[in-house]
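Colleague: With the sequence up front, the predicted model follows.
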Amino acid sequence: GAAKEANRSGLHVQIIAWNLLDSFESALNDVIGHRPVGILAQAASDEQLALIVKKARQNDIAVVSLDSASAEVPGTLRIRCDELQGADLAVAHLASLGHQRIAHLSRPWGTDSQRSFADLRREGFCRAMQSRGLIIFEDFIASAGENEEIDSVIRRWFADPRAAPTALFCVSDQHALLAIKALRAMGYRVPADVSVVGFGELMMSVYCDPALTTVRQPYHAIGARGVQRILDLREGREIPSGEEILPVELVVRESTGPAPRNHDAVRAVPVTSPLRQEEH
C-alpha cells in the first residue's frame, strides 16, 4: 500500500528490516543521510521510535508510525487498525452463534510501556463480553507465545469437556491455527465442537482447513495513508495528532459454527494415531 501510493507521487519506498541488522542506529544514520521525504516506522519499540523521531526532527524529516505494534511518541502520528472494533466483531459473531463460554488466547508483548495490539485486543474482548452480558471467566484469558505454550493452554482449557469453552477468539491467525492443531490432537472438531476466530487475515487463513474466520486488517490502507500523511507534512498541511484509526471487518469462513447444543457431550477423544502424535 505504501509503495503503490508513493509511486503515484513519483516516489519510491525503500524497506529496511532493522531487526535483521547488526546496528539499528547505524542503519538509521544511513537512512537520514539519504534525506528521505519521510520515514514510516512499523513495529518500532519505545527506544527505536524515540531515536527515529529525534534524528528525523533534527534533519526536518517527517515521521509517521504504523500499526499497533509501534510505540507512541508525543507529536508523532500513529496509524493503526481498530483493534477494539475487531475484538467486538469477533465476540458479536460468536455470540450470534449461541456461544457463551468464550475464551481469549492472547500473547505476551515485550516490556515497552505502550499498549500493544495484544493489549488492545484483550481489552476489546473484555468490553465486548461485558456489553453483551456474557461472563468473562478469568481462567479463559491466557497469554502464550511459543507453540508449546499454546498447546499447554489448550490442554488446560479442554481437559474437562464439561468445563471447556465452546469458542476461542485468538490474538492472531497464527495463534488460531496453532490452537486448532492442539484441539485436533485432543480429538476436538472445529467448528463442530469448538469455534475459532483469528485476527489478521493472513494468506494462510484462506488455505488452512478449515478456512479461518478472522478479522481483516486494512494493511494496504494503513501503508497508503502513511505515505499520504508524509506528503501532507511535506506540503505543510495539517494532519491528525495522536492516532488515526482505520476500520476493520470480519471475514466469516469455516472455523466458526453454532455452539454445541449439549455442551456436556462435546467430543474429546484422546488421539492415539502415530501420525497425529508426530505432527503434534
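Modeller: Ah, there it is.

Colleague: center of this protein - which residue?
Modeller: Note on the chain: the residue nearest the mean C-alpha position is residue 172, at 4.7 Å, using CA atoms, centre = their mean.

Colleague: Now that it has come up, it's in contact with residue 201, right?
Modeller: No - under the criterion of CB atoms under 8 Å, residue 172 makes no contact with residue 201, lying 10.5 Å away. All C-beta atoms are positioned from the backbone trio N, CA, C, and that covers glycine.

Colleague: ranges for the helices of the chain?
Modeller: For the chain, the helices defined by DSSP state H occupy 2-8, 24-33, 46-58, 83-96, 117-131, 147-157, 173-185, 204-207, 219-234, 274-279.

Colleague: May I see the ones you listed arranged in JSON lines, with distance to residue 108, mean pLDDT and mean neighbour count as well?
Modeller: Formatted as JSON lines, these follow (distance: least, CB to CB, whole Å; pLDDT from 0 to 100; neighbours: other CB atoms under 10 Å):
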{"stretch": "helix 2-8", "distance to residue 108": "28", "mean pLDDT": "93", "mean neighbour count": "17"}
{"stretch": "helix 24-33", "distance to residue 108": "22", "mean pLDDT": "89", "mean neighbour count": "14"}
{"stretch": "helix 46-58", "distance to residue 108": "16", "mean pLDDT": "90", "mean neighbour count": "16"}
{"stretch": "helix 83-96", "distance to residue 108": "16", "mean pLDDT": "98", "mean neighbour count": "22"}
{"stretch": "helix 117-131", "distance to residue 108": "7", "mean pLDDT": "95", "mean neighbour count": "19"}
{"stretch": "helix 147-157", "distance to residue 108": "9", "mean pLDDT": "94", "mean neighbour count": "17"}
{"stretch": "helix 173-185", "distance to residue 108": "12", "mean pLDDT": "96", "mean neighbour count": "22"}
{"stretch": "helix 204-207", "distance to residue 108": "22", "mean pLDDT": "88", "mean neighbour count": "14"}
{"stretch": "helix 219-234", "distance to residue 108": "23", "mean pLDDT": "94", "mean neighbour count": "20"}
{"stretch": "helix 274-279", "distance to residue 108": "25", "mean pLDDT": "33", "mean neighbour count": "10"}
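
Colleague: Include distance to residue 69 when you put these into TSV, please.
Modeller: Formatted as TSV, the helices of the chain follow (distance: least, CB to CB, whole Å):
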stretch	distance to residue 69
helix 2-8	16
helix 24-33	16
helix 46-58	11
helix 83-96	11
helix 117-131	6
helix 147-157	19
helix 173-185	14
helix 204-207	19
helix 219-234	12
helix 274-279	30
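
Colleague: quick one: which of these is nearest residue 258?
Modeller: Of all those, helix 83-96 sits nearest to residue 258, with 9.6 Å by CB to CB.

Colleague: Output the closest one as PDB, nothing but the C-alphas.
Modeller: Extracted in PDB, the C-alpha atoms of helix 83-96 (Å, rounded to 0.1, in the frame of the first residue of the first chain):
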ATOM      1  CA  GLU A  83      -8.300  -3.300  17.500                       C
ATOM      2  CA  LEU A  84     -11.200  -2.700  19.800                       C
ATOM      3  CA  GLN A  85     -13.700  -2.900  16.900                       C
ATOM      4  CA  GLY A  86     -12.100  -6.100  15.700                       C
ATOM      5  CA  ALA A  87     -12.500  -7.800  19.000                       C
ATOM      6  CA  ASP A  88     -16.100  -6.600  19.200                       C
ATOM      7  CA  LEU A  89     -16.900  -8.100  15.800                       C
ATOM      8  CA  ALA A  90     -15.400 -11.400  16.800                       C
ATOM      9  CA  VAL A  91     -17.300 -11.700  20.000                       C
ATOM     10  CA  ALA A  92     -20.500 -10.500  18.300                       C
ATOM     11  CA  HIS A  93     -20.200 -13.200  15.700                       C
ATOM     12  CA  LEU A  94     -19.600 -15.900  18.300                       C
ATOM     13  CA  ALA A  95     -22.400 -14.700  20.500                       C
ATOM     14  CA  SER A  96     -24.800 -14.700  17.500                       C
END
